[in-house]
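> Here is the input, now give the coordinates:
(4 chains)
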There are 2 protein chains.
Amino acid sequence: MNETDEGVTRWRRVADRIRSAIAEGTMGERLPPETELAETYGVNRHTVRRAIQSLSAEGLLRAERGRGTFVNAAPPRLAYPIGPRTRFSENVSAQGRRPGGRLIRADTMRADGALAQLLDCAPGAMLHRLETLSVANGVPLSIATSHFSVERFPGIVRAYAETGSVTEALRLEGVADYRRRETRITAERVHRLDAEHLASAPDAIVLVSLAVDVDLDGRPVQAIRARFPADRMELVLRP
Amino acid sequence: MNETDEGVTRWRRVADRIRSAIAEGTMGERLPPETELAETYGVNRHTVRRAIQSLSAEGLLRAERGRGTFVNAAPPRLAYPIGPRTRFSENVSAQGRRPGGRLIRADTMRADGALAQLLDCAPGAMLHRLETLSVANGVPLSIATSHFSVERFPGIVRAYAETGSVTEALRLEGVADYRRRETRITAERVHRLDAEHLASAPDAIVLVSLAVDVDLDGRPVQAIRARFPADRMELVLRP
DNA sequence: ACGAATTTGTGCGTATGTATT
DNA sequence: TAATACATACGCACAAATTCG
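Sure thing, here's the model as predicted:
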C-alpha cells in the first residue's frame, strides 16, 4: 500500500483506490476477484471485503455471490411529481410507463396519537390499513400504506379491491374529489419486508412521504405513508 | 444460539435478539461489551460486531470507540418547509431556533450539461460555487451548494461574504426578489466531507434537494443542491 | 498527571458454506 | 462434477479512544 495517506485505515485506502480506478475507467465493468484484489493491493482478503462493503453501501458496487463484484451503472431516476392533485397512475403513465398496482395487505388497526391528529379522529379509533405496491414496467416504484377511518369509510377495502384505484374507491364511498393537504418527506434505511417487495438491497435507502389527503370540505380522508427506493425515484415539486 | 430459526445467518439472529431486547426494555441504555454479548449469545465477537454494525446502520445503535455501544434515542425531526418562497433563516427562526450559517467554500467551476440546463446557460460557462453550512442551536441542519453565473453575478461571492445572506447578496447584484421554480428530492448516503460538516455518522442518510430559483422574469438565478441529515430533518410541503 | 484497565476498531489467518459458471 | 467466487464464522493480535484509580 501507498504510505502517503498515513493515518487512514487500510480498507479506506483500498476503497479510495478502487473508486479512483472506476472513475478513471481502468477497472472495467467487473472487478477482479477479492483474492486478486487483496494481492495487488497487498492486503488481506478481509480488508478488501471491508472496502467493497463500503463501496456497495454507497451504491457504487454490487457483489453477487458466486458471480463476482460489478460496477453499478447509475440509472436515471424516475421523477415522481408531488402536488395538490398527486395521483400515482397519472404520474407514471405520463412518463410513458405502464403503471400497475398490487394489494399487499388489508387489515384494521387503531389510530395512534400521530395518526389521530393527521386524520382528525380520536386516538384509538379503528382504521382501515391498505398496503399497496406500485409498479411501472415491472419495476417496483413504491409501497404505500393508506389509513382510512372505518367509521366513515366502512366499505373502502372492498371498493378498492373492485376498482383497483383509491380515487375510484373513495368516489364509491361518497368522496367526489380530494386533494393533498400536506406532505412530509424524510429518508431512512429500507425495512426488511419492504426491501423484498421493492426488490431493493437490504441496506437500500427509501424516501418516506407522509401525506394527508382532504376532501373538498377540508376534512381528512386518508393518511398515506409511502416509501420510494431512493436509487430509482426522485420527488419533484413545482409550485 | 437458538436452533428454531434455522437457515438464518448467526449475525442476523444475534441482531434480532438484540433488537428484541431493546424493544422489551431489558437492554437498558447501554449494551454490554462485545465480548460479553459474544459469550451470552455463544458466538464469536466478530459475529456480534456484524450484528451491531447492521443495527447501527438502521440507526438503532451507536458504537463509540473506547466507551461502549448505546441505544439511540429517536429525536423528533425538525421540519423544513419547502415552497415557492423557501428561505432558510425564516424557516428556522419560525420554530424558535437560533439560525446560523457559515461559508465553507467559494470557488468557480464550469457548468456541466445538467447545470447548464437548469440555469439556462451554455455548457462550460463559468459558475460561482458557494458552499454553506446551516446551523440551528449549534446543530448542523444542512449543507447547500449554490451555483451562480459568473457573467451575470460577478460580485455575488463578496456580496454574500458581506451580508451573510443569499437574498441580500442577490439584491446587491440587482435581483429584487426570486422564487422557487422547481425542487427535486432524493436521498443517498452522506459523502465523507459532508458527514464531517454535518456531524453525522459516516454511513448516515441525507435528503438531497436540487432546486432552481428564478427571478421575477422567470430567469434562473441560482441552482442549489442542499443535503439534509435525514435523521434530523424532514421536508414539509404545503400546497 | 499518569498509567492500567476497559472497550471498540482494524487486520490477518484459517476454515467452511453456498451460489454460479 | 469441478472450479470459481462471494458469504459467514472463528480465533488471535494489536491499535486507538476512553475511563478510572
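
> element containing residue A:234?
Applying DSSP states H and E as the criterion places residue A:234 in strand A:233-237.

> what helices or strands is that strand leaning on?
Using 3 or more CB pairs under 8 Å, 6 or more residues apart in numbering or on different chains; DSSP states H and E, the elements in contact with strand A:233-237 are strand A:78-82, strand A:205-215, strand B:178-189. Glycine gets a C-beta too; all of them are placed from N, C-alpha and C.

> Out of those, flag the one nearest DNA strand C.
Closest approach to DNA strand C among the helices and strands packed on strand A:233-237 (CB to the nearest atom of the strand): strand B:178-189, 16.1 Å.

> Show me what that closest one is packed up against.
Strand B:178-189 sits against strand A:205-215, strand A:233-237, strand B:205-215, strand B:220-229, with contacts defined as 3+ CB pairs under 8 Å, 6+ apart.

> Would you mind giving these as TSV with distance to DNA strand C and mean neighbour count added?
Shown next, in TSV, are those (distance: least, CB to the nearest atom of the strand, whole Å; neighbours: other CB atoms under 10 Å in any protein chain shown):
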stretch	distance to DNA strand C	mean neighbour count
strand A:205-215	21	22
strand A:233-237	27	22
strand B:205-215	18	22
strand B:220-229	19	24
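
> could you dump the ones you listed to TSV with distance to DNA strand D and mean pLDDT?
Putting the helices and strands packed on strand B:178-189 into TSV (distance: least, CB to the nearest atom of the strand, whole Å; pLDDT from 0 to 100) gives the following:
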stretch	distance to DNA strand D	mean pLDDT
strand A:205-215	19	94
strand A:233-237	25	92
strand B:205-215	21	94
strand B:220-229	21	95
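
> Just tell me which of those ends up closest to residue B:172.
strand B:220-229 (13.1 Å; CB to CB).

> and residue A:48, how far is that from residue A:71?
Distance of residue A:48 to residue A:71, given as CB to CB, to the nearest Å: 15 Å.

> no wait, residue A:185
30 Å.

> which of these two has more neighbours?
A direct count of neighbours by other CB atoms under 10 Å in any protein chain shown for residue A:185 and residue A:71 places residue A:185 higher, at 27 against 17.

> So what's the gap between the helix or strand hosting residue A:146 and the chain middle?
If you go by DSSP H and E, residue A:146 is part of strand A:139-149. Distance of strand A:139-149 from the chain centroid (CA atoms, centre = their mean, to the nearest Å) equals 11 Å.

> circling back to that earlier point, and for the strand holding residue A:234, what's in contact with it?
Strand A:233-237 is touched from outside by A:77-83, A:141-142, A:185, A:207, A:209, A:228, B:82, B:182-186, B:237, with contacts defined as CB atoms under 8 Å, 6 or more residues apart in numbering or on different chains.

> Buried only: go through those residues for me.
A:77-78, A:80, A:82-83, A:141-142, A:185, A:207, A:209, A:228, B:82, B:182-186, B:237 (16 or more other CB atoms under 10 Å in any protein chain shown).

> is the strand or helix carrying residue A:62 up against DNA strand C anywhere?
Per DSSP H and E: residue A:62 is located in strand A:61-64. Yes. Using CB under 7 Å from any atom of the strand, strand A:61-64 reaches DNA strand C at residue A:64.

> strands paired with that strand, and their directions?
Paired strands of strand A:61-64, with direction, are strand A:68-71 (antiparallel) (DSSP bridges).

> still on that earlier bit, got a markdown table for the helices and strands packed on strand B:178-189, with distance to residue B:123 too?
Listed next are the helices and strands packed on strand B:178-189 as a markdown table, based on distance: least, CB to CB, whole Å:
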| stretch | distance to residue B:123 |
| --- | --- |
| strand A:205-215 | 29 |
| strand A:233-237 | 22 |
| strand B:205-215 | 16 |
| strand B:220-229 | 14 |
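
> phi, psi of residue A:200?
With angles defined as degrees, to the nearest 10, residue A:200 sits at phi -110, psi 160.

> Just the pLDDT for the nearest residue to residue A:75 once chain neighbours are set aside.
Leaving aside its sequence neighbours, residue A:75 sits nearest to residue A:232 (CB to CB, 6 or more residues apart in numbering or on different chains; 7.2 Å). Confidence at residue A:232, expressed as pLDDT, is 89.

> wait, what's in contact with residue A:232?
Contacts of residue A:232 by CB under 8 Å, 6+ apart are A:75, A:77-78, A:139, A:141.

> okay, those in TSV with distance to residue A:65 next?
TSV is the format used below for those (distance: CB to CB, whole Å):
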residue	distance to residue A:65
A:75	22
A:77	27
A:78	28
A:139	23
A:141	27
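
> what's the closest of the residues you listed to DNA strand D?
residue A:75 (20.9 Å).

> Could you report the neighbour count for that closest one?
With other CB under 10 Å as criterion, residue A:75 counts 9.

> what do you get for residue A:160?
25.

> Touching, residue A:70 and residue A:55? I think so.
No. Here residue A:70 lies out of contact with residue A:55, judged by CB atoms under 8 Å, at a distance of 11.2 Å.

> Run through the bridge partners of the nearest residue to residue A:226 once chain neighbours are set aside.
Excluding its sequence neighbours, the residue lying closest to residue A:226 (CB to CB, 6+ apart) is residue A:144, at 4.1 Å. Beta-bridge pairing for residue A:144 (DSSP bridges): residue A:132, residue A:226.
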